[in-house]
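Participant: Here is a sequence together with a model predicted from it:
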Amino acid sequence: MNNEKNLEIERKFLIKYPDTAILESVKGAKKIDITQAYTACGTRLRRWQDGDMVSYIKTVKTHITDLTRIEIENEITREEYEALLKEETSSLKKTRYRIPFEGHLLEIDIFPFWKNQAFLEIELQSEEETFSIPEYITVIKEVTEDKAYRNYALSKKIPKEEIF
């Protein structure tokens, strides 16, 4: 995340389902299981599990542009998380691979409801910043501006898999 005013500048791509063995073999790669829930007021609640370590995070995002949002994240206790879950309107589960690549951190999200595709997200320092995608990732299309591919939208309605 860009530290200036908690800005999150991110591009998102629909990709072919990656070879997870390759992802796991990348030096510095991390695999995290995430349960993500949303409340009626738009707050995102996450349960992150990295091995035996579990974290609970409350996030509020404010839209600036399709690429840029203000993101306020706070770690909360399990009790706070469970209390806030009572306001949940929708949720989803995913496995995230965090892959360092050429000075960026790539986040590849794999969902249990898709067998042929996944997401690649990359955080940037500016909307104009250039970046590369590793050759072991096959991009289907960019979905940064497509609201149907936002995690909140996926928690409500899953788009059909792309045919490629």
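Facilitator: Noted; the coordinates are in hand. Numbers count the residues shown, from 1 in each chain.

Participant: In the chain, where's the longest helix?
Facilitator: Longest helix in the chain, counting residues (DSSP state H): helix 78-85.

Participant: Centre of the chain to it, how far?
Facilitator: 21 Å (Cα atoms, centre = their mean, to the nearest Å).

Participant: Going forward, count from 96.
Facilitator: Right, with 96 as the first residue, what we last looked at is helix 173-180.

Participant: Okay, buried residues for whichever helix or strand comes after that helix please.
Facilitator: Per DSSP states H and E, the first helix or strand lying C-terminal to helix 173-180 is strand 183-196. Going by neighbour count (16 or more other Cβ atoms under 10 Å), the buried part of strand 183-196 is 185, 187, 189-194, 196. C-beta: built from backbone N, CA, C; applies to glycine.

Participant: Let me know the closest of the residues you listed to residue 137.
Facilitator: residue 185 (11.2 Å; Cβ to Cβ).

Participant: I figured that closest one was touching residue 133, is that so?
Facilitator: Yes - if you go by Cβ atoms under 8 Å, residue 185 and residue 133 touch, sitting 5.3 Å apart.

Participant: Residues that sit against both of these two, list them.
Facilitator: Counting by Cβ atoms under 8 Å, 6 or more residues apart in numbering, the contacts common to residue 185 and residue 133 are 247, 250.

Participant: Which parts of the chain are helices?
Facilitator: Counting by DSSP H, the helices of the chain are 115-120, 173-180, 246-251.

Participant: Identify the residues contacting the longest one?
Facilitator: Residues lying outside helix 173-180 but in contact with it, judged by Cβ under 8 Å, 6+ apart, are 132, 134, 138, 140, 142, 149, 151, 153, 171.

Participant: isn't the first one right up against residue 153?
Facilitator: No - with contact defined as Cβ under 8 Å, residue 132 does not count as touching residue 153 (10.3 Å).

Participant: can you list residues touching both of the two?
Facilitator: Joint contacts of residue 132 and residue 153 (Cβ under 8 Å, 6+ apart) are 139-140.

Participant: And these two? Which one has more around it.
Facilitator: Taking neighbours as other Cβ atoms under 10 Å, residue 132 and residue 153 compare with residue 132 leading, 20 against 17.

Participant: Any buried residues in the helix or strand of the chain with the lowest mean pLDDT, and which?
Facilitator: Least confident element among the helices and strands of the chain, by mean pLDDT, DSSP states H and E: helix 246-251 (a mean of 91). Residues of helix 246-251 classed as buried: 246, 249-250 (neighbour count, 16+ other Cβ under 10 Å).
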